[in-house]
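Asks: okay, predicted coordinates and the sequence, questions at the end:
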Amino acid sequence: MAAHKLVVASLLLCCLAEICYGKDLFSSLKRTIDVTASPKQGQVLLSGVDKISGTWALNKTFPAGTDSSYKTIKLKLCYAPISQKDRAWRKTEDELSRDKTCQHKMLAMPYNASNKTVQTFEWLIQRDVPQATYFVRAYAFDSNDKEVAYGQTTNAGKSTNLFEINAISGRHATLDICSVVFSAFSVVSLGVFFYIEKRKGKSPKQ
Ligand SMILES: *[C@@H]1O[C@H](CO)[C@@H](O)[C@H](O)[C@H]1NC(C)=O
Ligand SMILES: *[C@@H]1O[C@H](CO)[C@@H](O)[C@H](O)[C@H]1NC(C)=O
Ligand SMILES: *[C@@H]1O[C@H](CO)[C@@H](O)[C@H](O)[C@H]1NC(C)=O
């Protein structure tokens, strides 16, 4: 009986723990990382062609030891509100595991709390990045690969310093389709040409 009660009690505790501590929220993260990125407000960049460079560093206004748990910095491309509108698959959720704002990983870099040098990065915009308006966000992860802090190139309202990425893959797809259609067309016309020639060659004998 006592054991039974213990099991029930621990199950209850587990459930409570899950509710209270299971969900990591973006709103609970401190903005301790200062991030800069090369694109200017309103600039249009081409995926597969243009690069995004920038810097990140710990904001010096935070007390020493703030970054003691930081192990990795991951830089991500995030959708601006204008590119999330009516698109549930890009929706911002406070619960980090469900948030779809920052779907495109740029780089992961080790964090060294003893190195106070401003860190630089450079990333070629990958071709699979869809055409949209973006900003850059950096997440600091701890040794359990859990988000513990962040920084971003835009303001809290995500309205400043936004840039656009144009996908050229769409044009490539059209070109690919065109070339397939043209080669199919030339094979068919070659066939027709030979057929006509053959018939012409035969007709005098008939
Ligand atoms: C550092 O953080 C403070 C307080 O949040 C902020 O006012 C300041 O703009 C930040 N510095 C930089 C360079 O972003
Ligand atoms: C500090 O970081 C910079 C930039 O990544 C790097 O070049 C430098 O070697 C690092 N310094 C030490 C002592 O690790
Ligand atoms: C971190 O930086 C410090 C000082 O800049 C350096 O002495 C140390 O070797 C670095 N550690 C790693 C793991 O790179």
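Replies: Cool, the structure landed. Ligands and ions are numbered 1, 2, ... in the order given.
Asks: in this structure, which spans are helices?
Replies: With DSSP state H applied, the chain shows helices at 2-21, 169-202, listed in chain order.
Asks: could you tell me the least trusted of those helices?
Replies: When the helices of the chain are compared by mean pLDDT, helix 2-21 comes last with a mean of 53.
Asks: pLDDT score for Q41?
Replies: The predicted local confidence for Q41 comes out at a pLDDT of 96.
Asks: go on, G151?
Replies: pLDDT for G151: 98.
Asks: is it true that it touches V35?
Replies: Yes - with contacts counted by CB atoms under 8 Å, G151 reaches V35, the gap being 4.4 Å. For the C-beta atoms, the positions are set from N, CA and C on the backbone; glycine is no exception.
Asks: which neighbours do the two have in common?
Replies: Between them, G151 and V35 have 56, 137-138 as joint contacts when contacts are counted by CB atoms under 8 Å, 6 or more residues apart in numbering.
Asks: got these as JSON lines, with distance to ligand 3, neighbour count and pLDDT columns?
Replies: Converted to JSON lines, the shared contacts of G151 and V35 look like this (distance: CB to the nearest ligand atom, whole Å; neighbours: other CB atoms under 10 Å; pLDDT from 0 to 100):
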{"residue": "W56", "distance to ligand 3": "16", "neighbour count": "22", "pLDDT": "98"}
{"residue": "R137", "distance to ligand 3": "24", "neighbour count": "24", "pLDDT": "98"}
{"residue": "A138", "distance to ligand 3": "18", "neighbour count": "28", "pLDDT": "98"}
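Asks: of these, which ones also sit close to ligand 1?
Replies: When the shared contacts of G151 and V35 are checked against ligand 1 using CB under 6 Å from any ligand atom, none falls in range.
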